[in-house]
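Novice: With the sequence up front, the predicted model follows.
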Amino acid sequence: MKAIVHIDGDAFFAYCEVAQNERLRGKPVVTGQEKGIAIAVSYEAKARGVSRGMLMGDIRKLVPDIIILPGNYDLYKVISQRMYRIVKRHAPIVEEYSVDECFADISDQSDSWEELVGIARTIKRDLEQDLGMTFSLGLAPTKTLAKVASKWVKPAGFTPMQERDRENFLKDVPIGAVWGIGRAMSAEMQKLNIRTALEFTQKSQSWIEEYFSKPTQELWYELNGVQMHKVGQGNLEKHKSIRATRTFRPPSKNLAFILSELSKNTEKACGKLRKHNLQSKNIYFFLKTQAFMYKGFELKFTAPVTIPSEIMNAVKENIHKIFRSDTQYRATGVVLNGISPASVHQPDLFNMNEKIDNRKIVYENIDAFYKKYPGAIFLASSLQAITQRKKNQIKNKDQEMHNLCLRLGFPYWGEAV
DNA sequence: TCTGGGGTCCTAGGACCC
DNA sequence: TCTGGGGTCCTAGGACCC
């Protein structure tokens, strides 16, 4: 018998804060102070009308005694790792799906449904006792059904879904609420007169194969209780790509400004790359137009890179392939693909290693310095992006550090680096 | 919701090759 | 070789997720 548990932390970031500070318990709490919008909302705050994405100013008006906290992502990560450890005590196969969610395959633990339910309950009890916060769990024959089940009762819910009650659940699930059905697919389903998950599952296999592509076909099987997606044991640490993007306002058609935004994003992405001791070979950079269209270009390096100025030189050479001076852009982004551990050093033919190594040493120093004074160092090519923020009166940590940097007379690191 | 940021996976269609 | 058919590889962009 297939038995998959889906485990979902309730308003995870908010209750991590509560678990760390008992005085917050029972009070309305939101995180996201540094972004100015609510990122996580405790159920006490939800009960009083606060929702995700709401502006902090509006929240204060609505709930004067609200507790607003900045995100503490290191803390959430530590608690997340404890969560995985607890689940792994009871299940051999655990997929770390996101910081607050995981799947566990307990199929082989027992042939009795009652016992499987017992195991899931034990996982829930241990999580809540050890971590001081609540979780919602679903137990079902496939991952997709387990997702439906864990959402059924929230917060602190536990919902077992056996094959025989599957249809009873699915008749009340709007098709757009199913994991894997987004806005576009949802609209298509409406056109085909499919409103609920049950209606979708009742279509014939041949009909599904005619109308939908692979991912949606797999969803059909999953919702019909046939496992298509195994619980993988992948670790979130192994990323395949690293990305940095930023939206700016107002939109711009100024090439120099856009290049400076790309430079900023490149520095950010490379910082993350070096922090994880990785290197990248394929770098994709893109512009996002005001009309939400993307135009991008992929740079392929023969030897892996970790250093922003090398990338920016190539970006500048190629930007004209995607940039149109008559188009307004609202964001830029840089994606590092082809990632490998930095220790795998590819010797290159032209004996450039010495030069590269010197730069690496400089950047090792920069990374150490950055830890002490976040935001204090950046490429000269990022300068315009930073001064633009000043114009926009955006007060944030970066800006403060920039001012501090000016006051203290730190040098800017130019492209000579 | 006129729309943030960081990820993954899929696919149509172009390039290239018999 | 004005022109068929079919395979493979690659990439830009779409769709979805948290």
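Specialist: Great, that's in hand. Numbering: from 1, shown residues only, chains lettered A, B, ... in the order given.

Novice: contacts for stretch A:41-53?
Specialist: Stretch A:41-53 is touched from outside by A:10-11, A:14-15, A:18, A:26-30, A:37-40, A:54, A:59, A:62-63, A:66, A:155, with contacts defined as CB atoms under 8 Å, 6 or more residues apart in numbering. Using the backbone N, CA and C atoms, a C-beta is placed for each residue, glycine as well.

Novice: okay, which residue is most central for chain A?
Specialist: In chain A, the residue lying closest to the centroid (CA atoms, centre = their mean) is A:Ser98, at 7.8 Å.

Novice: Is stretch A:15-26 positioned near DNA strand C?
Specialist: No. With CB under 7 Å from any atom of the strand as the criterion, DNA strand C is not reached by stretch A:15-26; the gap is at least 13.6 Å.

Novice: mind listing what's buried in that stretch?
Specialist: Neighbour-count burial for stretch A:15-26, with 16 or more other CB atoms under 10 Å as criterion, is recorded at A:15-19, A:24.

Novice: The residue nearest to the centre of chain A bridge partners, please.
Specialist: A:Glu101 (DSSP bridges).

Novice: What of A:Asn337?
Specialist: Note on A:Asn337: beta-bridge partners A:Asn282, judged by DSSP bridges.

Novice: circling back to that earlier point, isn't the residue nearest to the centre of chain A right next to A:Tyr84, touching?
Specialist: No. Contact criterion CB atoms under 8 Å: A:Ser98 and A:Tyr84 do not qualify, at 11.2 Å.

Novice: Run through the helices of the stretch 101-250 of chain A in chain order.
Specialist: Here the stretch 101-250 of chain A has its helices, by DSSP state H, counting those that start in this stretch, at A:113-131, A:143-152, A:166-170, A:183-191, A:197-201, A:205-211, A:214-223.

Novice: Which stretch among those helices is buried most, on average?
Specialist: The highest average neighbour count among the helices of the stretch 101-250 of chain A, using mean count of other CB atoms under 10 Å, belongs to helix A:143-152 at a mean of 24.

Novice: Leaving out the residues flanking it, which one is nearest to whichever residue of the stretch 251-400 of chain A sits closest to DNA strand B?
Specialist: Per CB to the nearest atom of the strand, A:Phe292 is where the stretch 251-400 of chain A lies closest to DNA strand B, at 4.7 Å. Nearest non-adjacent residue to A:Phe292, counting by CB to CB, 6 or more residues apart in numbering: A:Arg330, 7.8 Å away.

Novice: Run through the buried residues of stretch A:15-26 and flag the ones next to DNA strand B.
Specialist: Within those, nothing lies near DNA strand B by CB under 7 Å from any atom of the strand.

Novice: Take those residues and keep only those in helices.
Specialist: The helices, defined by DSSP state H, take in A:15-19 from those.

Novice: how about A:Cys102, what does it touch?
Specialist: A:6-7, A:83-84, A:87, A:94-96 are the contacts of A:Cys102 under CB under 8 Å, 6+ apart.

Novice: if you set the cut-off to 6 Å instead, what comes out?
Specialist: By CB atoms under 6 Å, 6 or more residues apart in numbering, the contact set of A:Cys102 is A:7, A:87, A:94-96.

Novice: Could you export these as a markdown table, including distance to DNA strand C and neighbour count?
Specialist: Formatted as a markdown table, the contacts of A:Cys102 follow (distance: CB to the nearest atom of the strand, whole Å; neighbours: other CB atoms under 10 Å):
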| residue | distance to DNA strand C | neighbour count |
| --- | --- | --- |
| A:Ile7 | 12 | 26 |
| A:Val87 | 16 | 22 |
| A:Val94 | 16 | 24 |
| A:Glu95 | 12 | 22 |
| A:Glu96 | 11 | 20 |
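
Novice: of all these, which comes closest to A:Ile307?
Specialist: Nearest to A:Ile307 among those is A:Glu96, at 30.6 Å by CB to CB.

Novice: Tell me, how many residues neighbour the closest residue to A:Pro160 other than its chain neighbours?
Specialist: Counting by CB to CB, 6+ apart, A:Pro160 lies nearest to A:Leu139, which is 4.4 Å off, once chain neighbours are set aside. When neighbours are defined as other CB atoms under 10 Å, A:Leu139 has 26 of them.

Novice: The one 3 residues further on now?
Specialist: Counted with other CB under 10 Å, residues neighbouring A:Thr142 total 24.

Novice: Show the pLDDT at it.
Specialist: With respect to pLDDT, A:Thr142 scores 96.

Novice: Could you list the residues in contact with stretch A:195-207?
Specialist: Residues outside stretch A:195-207 that contact it (CB under 6 Å, 6+ apart) are A:167, A:170-171, A:173, A:175, A:178, A:194, A:223-224.

Novice: for these, which one is nearest DNA strand C?
Specialist: Using CB to the nearest atom of the strand, the contacts of stretch A:195-207 come closest to DNA strand C at A:Val178, 6.7 Å.

Novice: got any ranges where chain A has weak pLDDT?
Specialist: Segments of chain A classed as low confidence (criterion: pLDDT under 70) are A:234, A:343-417.
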